[in-house]
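1. Sequence and predicted model, in that order:
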Amino acid sequence: MASQFQALRYLAMCTNHHCPPKRLSPLYSAPFVRRVVRFLSSSSPRRSPKPFAPHTQVFRDVDPLRKWRRDLLLNNRTLGLVPTMGALHEGHLSLVRQAAAENTDVFVSIYVNPTQFGMNEDLASYPKTWEADMKILTVLDRELASLGAGRISAVFAPSTKTMYPTLPPDSSIPGAGSFVEIRPLGQLLEGASRPVFFRGVATVCMKLFNICAPDRVYFGQKDIQQTVVIKRLVKDFHLNTEVRIGPTEREKDGLALSSRNVYLGTRRRNVGIVLNQLLRKAEAQYNAGKRKRGDILWPANDHADKTLLEQEALEPGKRARFEVDYISLANPETMEELEEVDEAKGAILSGAVKMLPLEDAKEGEELGVGGGQIPVRLIDNIVLDPVA
Ligand SMILES: Nc1ncnc2c1ncn2[C@@H]1O[C@H](COP(=O)(O)OP(=O)(O)OP(=O)(O)O)[C@@H](O)[C@H]1O
Ligand SMILES: CC(C)(CO)[C@@H](O)C(=O)[O-]
Ligand code: BAL
């Protein structure tokens, strides 16, 4: 099932970005795609437990969505909200499954929020795969029906005019507009590299929570600092919702799924695993009883340095260069750097690397969407649990 979802997404990306068919991986060959399409069109509707009929409505405006939500409340139903920026993958779907297991109804929002992208970031090229996303959600909703779980009763896909009614949204650092800021938490790590990122995330999530009034909201551990920001937002503004965190979904070798991975291509994807590897090396130190920062992080930094040197030594047509943005060992509630882990609290190991554009792309090489020329920022983390 996961590969069928991936195939649909990849095809939609290629259509949007006019990527030449010869760059499609063999996984997405024509017979495979025909099988996916046959599966989608032939699977018969299954028994639905008790859908809030008629279900999976698409909403673009606030008032009709609010009315829908009010009707749910009057019918004693519970609501889980899964905020996304679309380009759905298994990570998103795992959150929807979790939300459906814990609520009668799930709302999925799909909105690429401009205020969390800095002026020089990848807003323009961010993947947009609306039709594939809707097909994926339709298939998933059938799966939920067959499980007797909660159902996806609404997709909220607002326009920017709806989300930012007063001003055109401003992504500059001074930022004219109505914003929510969580300081200094939102300025550390991801926030240091993406100065308007958490202002945009906190602001759009405040809007989404106000519009949907969810009983529970679902976020992925992959974006761990985002989960810490959201928990703080809910606490400090007394928002009446429960924050639920889902585990990071990964490829077999450990690479965290991410909407931006479609830009990697094979060469950068194979080297990009360095981030997960270095975090695991640091985790092993913690599991072996080390508590001091230097003792935990040195093998991680060493692995990054060695991998970088190995790549630099290769000829341009074979290498994938990257920059390490940060490797962090932080307090789980504040994301401030730790000199020593308090066993009672544990810690968050996290990192970010930027995969640089490919040099000397080869004819026939699988380059990913964008021909290997779009820089890709990868993030990942491991939670170091408190020791009982
Ligand atoms: N691999 C994953 N496992 C679990 N949850 C994930 C995963 N990737 C993303 N999510 C969660 O899905 C939600 C929506 O994320 P988003 O739409 O930005 O996707 P993304 O894959 O994180 O994209 P990006 O490439 O922008 O990082 C967030 O709560 C995010 O943490
Ligand atoms: C939470 C979110 C949907 C806000 O735009 C986004 O940051 C994301 O997809 O992680
Ligand atoms: N998953 C976080 C959204 C972003 O990178 O903009």
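-> Yep, it's here. Ligands and ions are numbered 1, 2, ... in the order given.
2. Report whether stretch 245-257 contacts ligand 1.
-> Yes - contact between stretch 245-257 and ligand 1 is present through Gly246, Thr248, Glu249, Ala256, Leu257 (criterion: C-beta under 6 Å from any ligand atom). Every residue, glycine included, has its C-beta placed from N, CA and C.
3. Which residues are in contact with the last one?
-> By C-beta atoms under 8 Å, 6 or more residues apart in numbering, the contact list for Leu257 reads His89, Glu90, Gly91, Lys222, Thr248, Glu249, Arg250, Glu251.
4. Out of these, which is nearest to ligand 1?
-> Ligand 1 has its nearest neighbour among the contacts of Leu257 in Gly91, at 2.4 Å by C-beta to the nearest ligand atom.
5. my read: Val204 touches Phe117, true?
-> No - when contacts are counted by C-beta atoms under 8 Å, Val204 is not listed as touching Phe117 (11.3 Å).
6. The two: which is more packed in?
-> Neighbours per residue (other C-beta atoms under 10 Å) separate Val204 from Phe117, with Val204 holding more: 25 against 19.
7. Quickly find the element holding the more buried one.
-> When elements are assigned from DSSP states H and E, Val204 belongs to helix 197-212.
8. PyMOL command to pick out the buried ones of the contacts of Leu257?
-> Burial among those is assessed by 16 or more other C-beta atoms under 10 Å; the matching PyMOL selection reads:
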select buried, resi 89+90+91+222+248+249
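9. Double-check Thr78 against Thr104; I have them as touching.
-> Yes - in this structure, Thr78 is within contact of Thr104 by C-beta under 8 Å, at 5.3 Å.
10. Give me the mean pLDDT for stretch 127-146.
-> Per-residue pLDDT values across stretch 127-146 average out to 95.
11. can you tell if that stretch touches ligand 1?
-> No - with C-beta under 6 Å from any ligand atom as the criterion, ligand 1 is not reached by stretch 127-146; the gap is at least 7.9 Å.
12. what does the model give the closest residue to ligand 3 within the stretch 101-250 of the chain for pLDDT?
-> Distance from ligand 3 to each residue of the stretch 101-250 of the chain (C-beta to the nearest ligand atom) is smallest for Asp223, at 4.6 Å. On the pLDDT scale, Asp223 is placed at 98.
13. for the one 10 residues further on, same thing?
-> The pLDDT attached to Leu233 in the predicted structure is 98.
14. ok so, going back, helices or strands next to the helix holding Val204 in the packing?
-> Identification of packing neighbours for helix 197-212 by 3 or more C-beta pairs under 8 Å, 6 or more residues apart in numbering; DSSP states H and E yields helix 62-74, strand 79-84, strand 105-110, strand 151-156, helix 190-193, helix 224-236.
15. deepest of these, which one?
-> Mean neighbour counts were taken over those using mean count of other C-beta atoms under 10 Å, and the top value, a mean of 27, falls to strand 105-110.
16. Using CSV, write out every CA atom in that one.
-> Below are the C-alpha coordinates for strand 105-110, written out as CSV (Å, rounded to 0.1, in the frame of the first residue of the first chain):
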residue,chain,number,x,y,z
ASP,A,105,-13.8,12.2,13.1
VAL,A,106,-10.5,13.4,11.6
PHE,A,107,-9.9,16.7,9.8
VAL,A,108,-6.9,16.9,7.5
SER,A,109,-5.8,20.4,6.6
ILE,A,110,-3.7,20.9,3.5
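17. what about that strand, average pLDDT?
-> Strand 105-110 shows an average pLDDT of 98 in the prediction.
18. The helix or strand following it vs ligand 2: in contact?
-> Under the assignment DSSP H and E, the closest C-terminal helix or strand after strand 105-110 is helix 130-147. No - with C-beta under 6 Å from any ligand atom as the measure, helix 130-147 is seen stopping short of ligand 2, the closest distance being 12.6 Å.
19. So which elements touch helix 130-147?
-> Under the contact definition 3+ C-beta pairs under 8 Å, 6+ apart, helix 130-147 sits against helix 2-17, helix 30-42, helix 90-102, strand 105-110, strand 151-156.
20. By mean pLDDT, show me the worst of those.
-> Least confident of those, judged by mean pLDDT, is helix 30-42 with a mean of 40.
21. Following element in sequence after that one, please.
-> Next along the chain after helix 30-42, taking DSSP H and E as the criterion, comes strand 57-59.
22. which residues of the protein score low on pLDDT?
-> Under the criterion pLDDT under 70, the flagged ranges of the chain are 1-54.
23. residues in it within reach of ligand 2, list them.
-> Within the chain, the positions lying close to ligand 2 (C-beta under 6 Å from any ligand atom) are Pro83, Thr84, Met85, Asn113, Gln116, Val201, Val204, Cys205, Asp223, Gln226.
24. OK, contacts around the spatially most central residue of the chain?
-> What sits nearest the mean C-alpha location of the chain, by C-alpha atoms, centre = their mean, is Ser258, with 5.5 Å. Under the criterion of C-beta under 8 Å, 6+ apart, the contact list for Ser258 reads His89, Gly91, Lys222, Leu378, Ile379.
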